[in-house]
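[1] Dropping the sequence and predicted coords here.
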Amino acid sequence: MPDRLNLTYTSGLILQTITQGLSYGFDIIDHTGLSSGTVYPALRRLEAAGLVASLWDRKGTEKSGGPPRKYYQLTPSGQDRLRILYDRFPLLERTAQ
Amino acid sequence: MDTRLTSQTLPVGIRCLLAMAGALRPPAMRSEWVREWHAEFWSSVALARGFRRQMWARAFGAFPDAWVLLRQDCGVARRIHDALRSRSAPLILLVLLLSVTGLLTDGFRRGRALLLQDDSAGLVLVSQPIPFMGGSARVPSAQVDAWLGRSETVALLGRWSLADRVRAGQHVPVCSADAGALRLFAEAPVKPPCRLFEPTSSKALPFAGVLARLKSGLLFTRPNRSWRRPRACIEDGLSRVSRH
């Protein structure tokens, strides 16, 4: 499945943002400047491709008192794919540094 | 999981948008999806007060999100099939039907014109050259001239006729009307069912439909609802024109 997914620069940017620890949907939107209509569909595709996994953050709920949020983290194949994307988009790696 | 807190915090408009986008999701998967969006909004509102301005733009992103998930999870055809079997399907179909009809008829423009516009209050269709309820009522040209010359109630009379012309191999209904009728049709919200309006001199329409505008301050009262011959109806109708 991941091999058939054509990853764009935007998808790479989202993957990279997640590796930097910004794992909630709206945090990714704030960090990348992309719209919610771009980030969420991309996250769904990445999750369906097995590059990203989503989990409910119940610990954060206890601290903030709000409802649990869903966070996203890279799977091992997602990390592999991000390295490939760094080769394809050198600017992506530079922005990470 | 408690979602009451989020529901209280989010503006009603945002909640409605999310509910509308959530309708794309199958019912079994909807609550988790809505919880995710509500939680994101809740945390953003709690952290930054200035966020309220961006809320709307973000909420609209729920639609492409739900659309992508719909295509991934069950497919559009399957979702439509399921939605048609739901209890709210007749209501949704009715709303869709009304929306499509409204779009095709320019928001029911003709009906609204008939009901709401008062522009045609002084306009009277004295007779028409096309069949209506089994018969047509035409008036000879001399009668129209007599009305215009002697009537104390009519300000403007127009004569018109409908003809079927062949243009570019197609039968096209054409309305031939004199200057008076063209002017009165321009004021009327409802016009004859023809594609073209062709100006014609009054003499060229010796036997035609007649449209009239009453003099200012006059009102055409409704005739009694008894069955009469067309000619008697016209005479009775004109004699019932009364002063305000």
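    Nice, I can see it.

[2] Name the residues of chain A found near chain B, please.
    Counting by CB under 8 Å from any CB of the partner chain, chain A comes close to chain B at A:24-26, A:29, A:35-41, A:44-45, A:48, A:64-70. Just so you know, the C-beta spots here come from the backbone N, C-alpha and C atoms, and that holds for glycine as well.

[3] mind running it again at 6 Å?
    Within chain A, the positions near chain B by CB under 6 Å from any CB of the partner chain are A:25-26, A:35-37, A:40-41, A:44, A:48, A:66-67, A:69-70.

[4] Of the residues you listed, just say which sits nearest to chain B.
    Distance to chain B, by CB to the nearest CB, is smallest for residue A:36 among the residues of chain A next to chain B, at 2.6 Å.

[5] what about the residue of chain A positioned farthest from its centre, distance to residue B:175?
    The centre of chain A is farthest from one residue, residue A:65, which by CA atoms, centre = their mean lies 25.1 Å away. Using CB to CB, to the nearest Å, residue A:65 is found at 73 Å from residue B:175.

[6] can you check residue A:73 too?
    Distance, residue A:73 to residue B:175, using CB to CB: 72 Å.

[7] what's the domain layout of chain B?
    Listed by automatic domain parsing, the domain ranges of chain B are B:4-110, B:119-243.

[8] Of all these, which one is nearest chain A?
    Across those, closest to chain A is domain B:4-110 (CB to the nearest CB), at 2.6 Å.

[9] follow-up on the earlier one: report the buried members of the residues of chain A next to chain B.
    A:25, A:26, A:36, A:37, A:40, A:41, A:44, A:48, A:66, A:67, A:69, A:70 (16 or more other CB atoms under 10 Å in any protein chain shown).

[10] export the domains of chain B to CSV and tack on distance to residue A:14?
    Shown next, in CSV, are those (distance: least, CB to CB, whole Å):
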stretch, distance to residue A:14
domain B:4-110, 13
domain B:119-243, 56
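
[11] Which strand or helix spans residue B:198?
    Assigned by DSSP states H and E, residue B:198 belongs to strand B:196-199.

[12] helices or strands next to the next helix or strand after that strand in the packing?
    Once the chain leaves strand B:196-199, the next helix or strand it forms, by DSSP H and E, is strand B:207-214. In terms of contacts (3 or more CB pairs under 6 Å, 6 or more residues apart in numbering or on different chains; DSSP states H and E), strand B:207-214 is packed against strand B:123-132, strand B:154-167, helix B:179-187.

[13] how far does strand B:207-214 sit from the chain's center?
    With CA atoms, centre = their mean, to the nearest Å as the basis, strand B:207-214 stands 26 Å off its chain's centre.

[14] just to revisit the earlier point, filter the buried ones among the residues of chain A next to chain B down to just the ones in helices.
    Judged by DSSP state H, those include A:25, A:26, A:36, A:37, A:40, A:41, A:44, A:48 as members of helices.

[15] just checking, the last one touches residue B:71?
    Okay, so that is residue A:48. No. Counting by CB atoms under 6 Å, residue A:48 stays clear of residue B:71, with 10.0 Å between them.
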